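J.: sequence first, then the predicted structure, then my questions.
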2 protein chains.
Amino acid sequence: MRILKPIILALALLLFFNVSSQTDEKVLKEIYKQSLTNGKSYEWLNYLSNQIGGRLSGSLNAEKAVAYTKEELDKLGLDKVWLQPVMVPKWVRGFKEYAFIESKKGKTSTTAVNICALGGSVATPALGLKAHVVEVQNFEELKTLGKENIEGKIVFYNRPMQPDLINTFEAYGGCVNQRYKGAVEAAKYGALGVIVRSMNLRLDDFPHTGSMTYGDMPVSKRIPSAAISTNDADLLSTMLKLDKSIKFYFKQNCKQLKDVLSYNVIGQITGSEFPDEYMIVGGHLDSWDLGDGSHDDGAGVVQSMDVLRLLKECGIKPKRSIRVVLFMNEENGLRGGRKYAEEAKQKGENHVFALESDAGGFTPRGFSFDCNDASFDQVLSWKPLFKPYLIHYFEKGGSGADVGPLKTKTNVLAGLRPDSQRYFDHHHASNDTFDAVNKRELELGAATMTALVYLFDKYGVNPIASENKIKE
Amino acid sequence: MRILKPIILALALLLFFNVSSQTDEKVLKEIYKQSLTNGKSYEWLNYLSNQIGGRLSGSLNAEKAVAYTKEELDKLGLDKVWLQPVMVPKWVRGFKEYAFIESKKGKTSTTAVNICALGGSVATPALGLKAHVVEVQNFEELKTLGKENIEGKIVFYNRPMQPDLINTFEAYGGCVNQRYKGAVEAAKYGALGVIVRSMNLRLDDFPHTGSMTYGDMPVSKRIPSAAISTNDADLLSTMLKLDKSIKFYFKQNCKQLKDVLSYNVIGQITGSEFPDEYMIVGGHLDSWDLGDGSHDDGAGVVQSMDVLRLLKECGIKPKRSIRVVLFMNEENGLRGGRKYAEEAKQKGENHVFALESDAGGFTPRGFSFDCNDASFDQVLSWKPLFKPYLIHYFEKGGSGADVGPLKTKTNVLAGLRPDSQRYFDHHHASNDTFDAVNKRELELGAATMTALVYLFDKYGVNPIASENKIKE
């Protein structure tokens, strides 16, 4: 009889897992159905994008977005909704930037080009800055050229995003140091200003802004830096090849003001069994100012809000406390993400799971996970549940900038991974607008996030893997 | 020593497959790189869409497209390029359709709405058609309502695409009989005309055309039918609920002319080892006339053309004869697809494989296969090769309308399956235009098709599965 016991146990377990998995199938079906037939994400995004617009940290629009999303969360009947104060940097663009290429071959001629100041940049002198241009692909080239070739000139960083990388975020990662540290590196060699090719895989006329740093460079030494559209980067490069003596002129009057008070917006459904285990889902409420921030990261904001609403709509009562966190100031400071993690630590709140959506509102493909092997095995056991929704990408990797500071040895951080092909067509540019978001794609993302939250809430995080996986 | 032989054999096989698989990895990498850095598909599509435009069968534009694509194929240095004559129907839209809803509550008022004639429809009387409207969801409702409620009225089919289906083609399949057979069904009960809700999951103002049939109904009995935009379908439905006495007016002067001569465009690389085994890749050159047919099916045309070019660029010399076939008249007759299969049969050409791209130029997700189990197993063994390109969807299912007639018991038919979420936003409507196609997504599709063609050419079709699969 001895041998029977483990067999019976095994059979019982098998039965349990089968039933459980069937229920999960039904729950996921209901979640997707609700999102696609009765979702709120698109309506919220419409308001955020078209009634409010770009939400740069410290701006009036950012304040409006705080008020609006809090009000909408209040309507959902969550257990708690509150604002978490956080001081944020306030940088303002000022008047629209202006730039041209001046050529003196034959008659003097100027060709206007599309630029925008990089976030955090200083202004040019009031009358603008005009100088010869030296084109480089990277910082090593600066070193090779040396002060004698750079001093008194404008450095033009023109390394394009690598088109044969399938993941466009990888291509972005391979270029973004030009934007982020281009000014501080060029200033070492006496450059007067910096022009950076936009981080965009497409050839078009939109300049793409984004954050940059001066490190600990004294204010008096800082040089202005701007992004140029990909079409105009190609033009400038071609003109330089034909004539080294051309000059570049640009004018911008952006400035950094004093920090101002802003807020993370937080809503919570309190857990029925383990209220002290926190699972969060979030995106960032601030955006750049050129477009209306629909993909970056209006999409993540409204999807995260809808996760909590969808749980309620589907009659799911979470065992753990689920929070939506709309982070302020991801773009140029990460103050919101840091503040949230800091307070969570102070209060000893146990954050077992955090999911971020900050890669656009495109068709979701899956998630990347920052977690230990046991948790990752658990995730992989859920893969079949996602198959009907064409969610196939489950890989180890980064999660997101705002949830990153919450990392512990045992918790799970995750990032939604939508299709990335179109993302950098819009990222940080004036065409990051509502019309570029497809309703169904956005809703599929919200459903996919809700499904993952549901499963982690149900089965718990980082248990002994074998007990909590669903058998395939 | 006897036992050693199979072990050595097994080891040799393992080594072979590993080497082989590594080579395949390299080849696929090169194919994707070529397509993303040096692809021609987008440039060709730009010409087809913006220099030629909509290519309805029998139109001047369709002729131009035949000439242009033949000329471009001629430049590729293929072994053979030719035109295959085929007679096609010629239906013309005439002037822009016009429609309004007339309400007599209070003062008489009219509200203009967006409609377009369905392909193949007859005209309204010259002064238009005005009648009361009866809204139905399906043919069963017609039966229930009966002649007494339908005769002398316009039937308005308003069954929407089901939004909770993940595959939008499935949602299309659930609705399209309203468009295709709506007129012939309604005429049985004495309806004067038919208005059909556009096959579109989005609410917008674009009416979507598409083919319809009168079956064997005598010409004199045929009633005009048109599609109405989804926004206006909702409007009409709401107005009907408020007031059954409203009337609908529409005017269109489309007509069916005599069949005209047109062509399939074909190019071939002749196989080095098995020239009598044919593998084809294709899309359809004709399109509807409202937009420029960029997604349907300009994308499939240029991707198919690029498959042969990419094979050459990557130095792949196929063992089998690879043909690109640009089919004429998929939209309203399928004459090209039928003609091609008919001639192939007459000539006894052994078509072992056919791949169609006719589901839009969006990010490719995989393929569906119409084939036997051995071939499908073979395909599944290649799945790991596609993983780096996020190609994950390999399912049994349909292939495509144009290659369908080539089906035999042993060959493999396949259809490219791009992300389907946005497809019906554009399908058969005036917003099926070049700007809705993303260059990278289009190029990823071309590369994915090329990779599958390369693998089937290398390993052969429908062999004893175990010999030809790659070990995972």
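T.: That came in fine, so what should we check first? Numbering: from 1, shown residues only, chains lettered A, B, ... in the order given.
J.: the residue in the stretch 301-450 of chain A that chain B sits nearest to: how many residues sit nearby?
T.: Closest residue of the stretch 301-450 of chain A to chain B, C-beta to the nearest C-beta: A:His392 (4.2 Å). The C-beta positions use only the backbone N, C-alpha and C, and glycine is treated the same way. The tally of other residues near A:His392 (other C-beta atoms under 10 Å in any protein chain shown) stands at 17.
J.: what is the mean pLDDT for the helix or strand hosting A:Tyr278?
T.: Assigned by DSSP states H and E, A:Tyr278 belongs to strand A:274-284. The pLDDT scores in strand A:274-284 average 98.
J.: tell me the pLDDT of the spatially most central residue of chain A.
T.: Centroid-nearest residue in chain A, with C-alpha atoms, centre = their mean: A:Asp358, separated by 3.4 Å. pLDDT for A:Asp358: 98.
J.: can you tell me the element A:Leu326 falls in?
T.: strand A:320-327.
J.: ok, that strand: who's next to it in the sheet?
T.: The pairing partners recorded for strand A:320-327 under DSSP bridges are strand A:255-269 (antiparallel), strand A:274-284 (parallel).
J.: I'd like the next helix or strand past it.
T.: Following strand A:320-327 in sequence, per DSSP H and E, is helix A:335-346.
J.: who does the next helix or strand after that following helix pair up with?
T.: Using DSSP H and E, the helix or strand that follows helix A:335-346 towards the C-terminus is strand A:350-356. Here strand A:350-356 has these sheet partners by DSSP bridges: strand A:274-284 (parallel), strand A:412-418 (parallel).
J.: circling back to that earlier point, how close does the residue of the stretch 301-450 of chain A closest to chain B sit to A:Leu385?
T.: As defined by C-beta to C-beta, to the nearest Å, A:His392 lies at a distance of 12 Å from A:Leu385.
J.: quick check: residues of the stretch 251-400 of chain A near chain B?
T.: A:Thr363, A:Arg365, A:Pro388, A:Tyr389, A:Leu390, A:His392, A:Tyr393 (C-beta under 8 Å from any C-beta of the partner chain).
J.: counting neighbours, which of these comes out on top?
T.: Result: A:Thr363 is most packed of those (other C-beta under 10 Å), 25 neighbours.
J.: quick check: pLDDT value at that residue.
T.: 98.
J.: gap between it and A:Pro418?
T.: Taken as C-beta to C-beta, the span from A:Thr363 to A:Pro418 is 6 Å.
J.: who touches both of these two?
T.: Here A:Thr363 and A:Pro418 have A:Glu441, A:Gly445 as joint contacts, going by C-beta atoms under 8 Å, 6 or more residues apart in numbering or on different chains.
J.: got any ranges where chain A has weak pLDDT?
T.: Scanning chain A for pLDDT under 70 picks out A:1-21, A:462-472.
J.: all helices for it, in order.
T.: All helices of chain A, identified by DSSP state H, fall at A:4-38, A:41-46, A:60-74, A:139-150, A:168-173, A:176-187, A:230-242, A:299-313, A:335-346, A:373-381, A:383-386, A:423-426, A:439-459, A:465-468.
J.: which of those is buried the deepest?
T.: Most buried of these, by mean neighbour count (mean count of other C-beta atoms under 10 Å in any protein chain shown): helix A:299-313, with a mean of 28.
J.: ok, the residue in the stretch 51-200 of chain A positioned nearest to chain B to B:Leu311 distance?
T.: For the stretch 51-200 of chain A and chain B, the shortest gap (C-beta to the nearest C-beta) falls at A:Asp164, measuring 4.3 Å. According to C-beta to C-beta, A:Asp164 and B:Leu311 sit 18 Å apart.
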